[in-house]
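**Q** Return a 3D structure for these sequence lines:
(one chain, ligands or ions: 1)
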Amino acid sequence: METNLVCQSCGMPFTAEVQKGIEKDGSKSSLYCTYCYQSGAFTRPGLTFADMEAIVRNQMAQIGESEESIRRALNVLPHLKRWKGDPHLL
Ligand SMILES: [Zn+2]
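**A** Modelled structure (predicted):
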């Protein structure tokens, strides 16, 4: 999967401009989605990698995604900018 076309925090694909987060100056973020990023900062700054895994799993399960799709999304997470080099990965 192309990681630069997904949110670099939660892995959600950008399918519309409105899904992009907002920088401090009001411009759109090209890295993070609106759920993760507002006014130039993460909406949940204390979130750990394990927290994000749980959120992605729950949300995808809620909208009826298959176990296979969920596993693929979770596999992408460690490659995203927010989690690269995160100590919680170990
Ligand atoms: Zn996101």
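**Q** For the residue of the chain most remote from its centre, give me the pLDDT.
**A** Centroid-distance maximum for the chain: residue 25 at 21.4 Å, with CA atoms, centre = their mean. Looking at residue 25, its pLDDT is 97.
**Q** do residue 84 as well
**A** At residue 84, the predicted lDDT confidence score is 87.
**Q** got the contact list for it?
**A** residue 78 (CB atoms under 8 Å, 6 or more residues apart in numbering). Every C-beta, even on glycine, is put in place using the N, C-alpha and C of the backbone.
**Q** isn't there a helix covering it?
**A** No. Read with DSSP: H, G, I helix; E, B strand; the rest coil, residue 84 is coil and lies in no helix.
**Q** which SS state does the residue positioned nearest the centre of the chain fall under?
**A** Nearest to the geometric centre of the chain sits residue 10, at 1.2 Å (CA atoms, centre = their mean). Of the three states, residue 10 takes coil under three-state DSSP.
**Q** for it, what are its contacts?
**A** Residues near residue 10 by CB under 8 Å, 6+ apart: 33, 35-36, 52, 55-56, 77, 80.
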